[in-house]
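K.L.:
Okay, sequence plus prediction incoming.
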Amino acid sequence: MTTDVTIIGAGASGLMCAIEAGKRGRSVAVLDHAARVGAKILASGGGRCNFTNLRIGPSDYLSENPHFSKSALARFTPGDFTALLRKHGIAYYEKEQGRLFCIKSSRLIVEMLERECAVSGAELRLNSRILRITKKDHFLITTERGELKAESLVIATGGLSFRSLGATGFGYRTASQFGLRVTPLNPALVPFIFPAEDTSFFRGLSGVSLVASLRCNRSCFRGEILFTHQGLSGPAVLQISSYWDKGDEVVIDLLPDTDIFELFKLAMLSKTEIHTLLSRHLPRRFSRAFCDRYAPSGHLHDYSQKELREFADLLHGWRLKPSGTAGYEKAEVTRGGVDTRELSSKTMESMKVPGLYFIGELIDVTGQLGGYNLHWAWASGYAAGQYV
Ligand SMILES: Cc1cc2nc3c(=O)[nH]c(=O)nc-3n(C[C@H](O)[C@H](O)[C@H](O)COP(=O)(O)OP(=O)(O)OC[C@H]3O[C@@H](n4cnc5c(N)ncnc54)[C@H](O)[C@@H]3O)c2cc1C
């Protein structure tokens, strides 16, 4: 069979690209090894899909080539996606900080994309295992179910996280096969784990959450952190994890709005126990465990001003060295990917291999938490869809 465009990967970016290319009258086939389309869309946002963010810009993305995302983001905005939802009668709402979610279910978004594909004439071929890709004049894609010839080939196979949702390293291997560079890959938006000697401390606090400010490698996020059996999770931890490399420290201000040393000084002569004072500002279970670990002797008047200063500094700058992350099995995305310096920011086409396009999470554009990754998938898919 011959098509104008073959897209490998029926996820967010691949489906958007198929719709746009189909609208232009191109014949499009979308191949996916999975039995259903959009598995990650379905899982996103806890089943409600945080599909975009009203405040979106290139600075919300990590990349070795930070300006690359500008062009695609300018041509496909959050308003463009919500217009599509309104056309299909899908209700959504803003949760906080511009994050938009479906009111009912992310399933509605997947169904909308399938309908749009059908209208634009794009053909979905699921359960298609790709065996080989070669290029002469055209791309020849060999699958277990036959061969396809295509003028344009779009690789939209996503990142490495959540193998259970269909992720493979196929896209990176294909990039390498055609001589494109892939920047270093790491799990991102991922919980931290800690060395064995800290495990009992974290396990004892499992389920406790608090609002803190986290710093790592000159990036800073404020938000909820959650103690887990293995370490730390929660939105602020996931955010900072994208900036963390093995061996780095993470510095946590546990009381970003309170000058705790001033409060210590005011209560210094009293018989108040330190953990009692702290528990007015932090969860009781955490205050107790933190004091047991770092300030075991109890009453405020047992401490000198210097010791209280040091303890206050610790509360405002708790330095932790994660031993690692929870890995691709728990990461929302993969940081790094196909080097964008080798792609056109307008079309997503490889500069070395005419007709070969890379879109979505697969390329070295990694969004922060809050709808940015799906938006990048829509925007890059849209951009390529205008040219393939
Ligand atoms: C649990 C979870 C929750 C998330 N929540 C959000 C959220 O709320 N908001 C947000 O913005 N982002 C979220 N993300 C990230 C977001 O889902 C992804 O960044 C986005 O789906 C990437 O789109 P994509 O098209 O690049 O890849 P994907 O949507 O991952 O699609 C890739 C497709 O390629 C197929 N494929 C892979 N390998 C092969 C192969 N060898 N042969 C054939 N087909 C193949 C896969 O089956 C899949 O259908 C979440 C991710 C996870 C894992």
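P.N.:
Received the coordinates, thanks.
K.L.:
Can you name the residue of the stretch 201-350 of the chain nearest the ligand?
P.N.:
Here the stretch 201-350 of the chain gets closest to the ligand at one residue, residue 332, 4.3 Å apart by CB to the nearest ligand atom. In short, each C-beta sits where N, CA and C put it, glycine included.
K.L.:
Neighbours of the one residue in the stretch 1-150 of the chain that gets nearest to the ligand, how many?
P.N.:
Nearest to the ligand in the stretch 1-150 of the chain, going by CB to the nearest ligand atom, is residue 11, at a distance of 1.8 Å. Number of residues near residue 11 (other CB atoms under 10 Å) recorded here: 31.
K.L.:
My read is that it contacts residue 155, right?
P.N.:
No. Counting by CB atoms under 8 Å, residue 155 is not a contact partner of residue 11; they are 11.4 Å apart.
K.L.:
From the centre of this protein, point out the most distant residue.
P.N.:
Computed with CA atoms, centre = their mean, the residue of the chain farthest from its C-alpha average is residue 269, at 48.5 Å.
K.L.:
Spatially, what comes nearest to residue 103 if we skip its sequence neighbours?
P.N.:
residue 91 (4.2 Å; CB to CB, 6 or more residues apart in numbering).
K.L.:
gap between that neighbour and residue 104?
P.N.:
Remark: distance between residue 91 and residue 104 (CB to CB, to the nearest Å) = 7 Å.
K.L.:
the more surrounded of these two?
P.N.:
residue 104 (13 against 10).
K.L.:
so where does that one fall, helix or strand?
P.N.:
Using DSSP states H and E, residue 104 sits in no helix or strand.
K.L.:
which stretches of the protein have low pLDDT?
P.N.:
By pLDDT under 70, the chain has no low-scoring segment.
K.L.:
and it, which residues reach the ligand?
P.N.:
Selection of the chain residues close to the ligand by CB under 6 Å from any ligand atom yields 8-14, 31-34, 39-41, 43-45, 49-50, 130, 156-158, 161-162, 165-168, 170, 332-333, 360-362, 371-374, 377.
K.L.:
What subset of the residues you listed is buried?
P.N.:
Buried subset of those (neighbour count, 16 or more other CB atoms under 10 Å): 8-14, 31-34, 39-41, 44-45, 49-50, 130, 156-158, 161-162, 165-168, 170, 332-333, 360-362, 371-374, 377.
K.L.:
Could you tell me which of those belong to helices?
P.N.:
Of these, the ones assigned to helices by DSSP state H are 12, 13, 14, 39, 40, 41, 170, 372, 373, 374, 377.
K.L.:
my guess is the last one contacts residue 16, does it?
P.N.:
Yes. Residue 377 is within contact range of residue 16, at 6.9 Å (criterion: CB under 8 Å).
K.L.:
What separation is there between the residue nearest to residue 103 and residue 85?
P.N.:
8 Å.
K.L.:
which residues of this protein fall in helices?
P.N.:
12-23, 39-43, 69-75, 78-87, 107-120, 170-177, 196-204, 235-241, 260-266, 274-278, 284-294, 305-316, 372-385.
K.L.:
Just send those helices back as TSV, with distance to residue 1 too.
P.N.:
TSV is the format used below for the helices of the chain (distance: least, CB to CB, whole Å):
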stretch	distance to residue 1
helix 12-23	16
helix 39-43	25
helix 69-75	30
helix 78-87	29
helix 107-120	17
helix 170-177	20
helix 196-204	54
helix 235-241	42
helix 260-266	68
helix 274-278	68
helix 284-294	61
helix 305-316	64
helix 372-385	21
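K.L.:
Show me the domain layout of the protein.
P.N.:
Using automatic domain parsing, the domain ranges for the chain come out as 2-186+333-385, 192-325.
K.L.:
how far does the first one stretch from start to finish?
P.N.:
Between the opening and closing residues of domain 2-186+333-385 lies a distance of 18 Å (CA to CA, to the nearest Å).
K.L.:
Now do the closest residue to the residue of the stretch 1-150 of the chain closest to the ligand other than its chain neighbours against residue 368, distance only.
P.N.:
Closest residue to residue 11 in three dimensions, ignoring its sequence neighbours and counting by CB to CB, 6+ apart: residue 158, at 5.3 Å. To residue 368, residue 158 is 18 Å away according to CB to CB.
K.L.:
repeat for residue 268
P.N.:
Separation of residue 268 from residue 368 (CB to CB) stands at 41 Å.
K.L.:
who has more neighbours, these two?
P.N.:
Between residue 268 and residue 368, counted using other CB under 10 Å, the more crowded position is residue 368 (22 against 15).
K.L.:
For the nearest residue to that one once chain neighbours are set aside, list the residues it contacts.
P.N.:
In space, and not counting its chain neighbours, residue 368 is closest to residue 60: 5.2 Å by CB to CB, 6+ apart. Contacts for residue 60 (CB atoms under 8 Å, 6 or more residues apart in numbering) come out as 53, 367, 368, 370, 372.
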